[in-house]
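Visitor: Pasted the sequence and its predicted model underneath.
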Amino acid sequence: MLRERDYQADSVVEQGMSGWKDAELWRRIQTESRFLITADEGFADIRVYPPATHAGVMLLRPDQDGIRPIVVLIERVLLIYNLNAQVGTTTVVTPRSVRVRKSV
């Protein structure tokens, strides 16, 4: 879906980073100035990863397990937001809301 909308997108699996520890993955993502879309709640902790100190994080928090609820959340976000405008933010997406945190 991201590539269809002309975003450069790679999965951790495609990049051979599946199974990496969070700190190791984070360093690589930041070295490459990548926007991270994840279901790992730890990356949305603004005390550890404050907005404007990184290229951006989007946490997907579906109500149900499985890939389909995640796909639905991504589709919803792509209808509403230009991800290029989300750089430096921490965004939390649930079925009920989208919360964008920017630096203070």
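Guide: Perfect, I can see it now. Numbering: from 1, shown residues only.

Visitor: quick one: the helices in the chain?
Guide: For the chain, the helices identified by DSSP state H occupy 22-31, 67-80, in order along the chain.

Visitor: how distant is the longest one from the center of its chain?
Guide: Put plainly, it is helix 67-80. Here helix 67-80 is found 12 Å from its chain centre; the criterion is Cα atoms, centre = their mean, to the nearest Å.

Visitor: Closest to the centroid, which residue in the chain?
Guide: Ranked by distance to the mean C-alpha position of the chain (Cα atoms, centre = their mean), the top residue is Ile37 at 2.0 Å.

Visitor: who touches it in this structure?
Guide: Leu2, Met58, Leu60, Ile74 (Cβ atoms under 8 Å, 6 or more residues apart in numbering). Backbone N, C-alpha and C define where each C-beta goes, glycine included.

Visitor: Relative to Gly42, tell me which of the helices of the chain wins on proximity.
Guide: Between Gly42 and the helices of the chain, the shortest separation by Cβ to Cβ is 5.9 Å, and it involves helix 22-31.

Visitor: could you say what helices and strands the closest one packs with?
Guide: Contacting helix 22-31 under the criterion 3 or more Cβ pairs under 8 Å, 6 or more residues apart in numbering; DSSP states H and E is no other helix or strand.

Visitor: For that helix, buried residues please.
Guide: Judged by neighbour count using 16 or more other Cβ atoms under 10 Å, the buried positions of helix 22-31 are Leu25, Trp26, Ile29.

Visitor: on that earlier part again, same list (the helices of the chain) but as a markdown table, adding distance to Val100 and mean pLDDT.
Guide: Compiled in a markdown table, the helices of the chain are given as follows (distance: least, Cβ to Cβ, whole Å; pLDDT from 0 to 100):
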| stretch | distance to Val100 | mean pLDDT |
| --- | --- | --- |
| helix 22-31 | 19 | 94 |
| helix 67-80 | 10 | 94 |
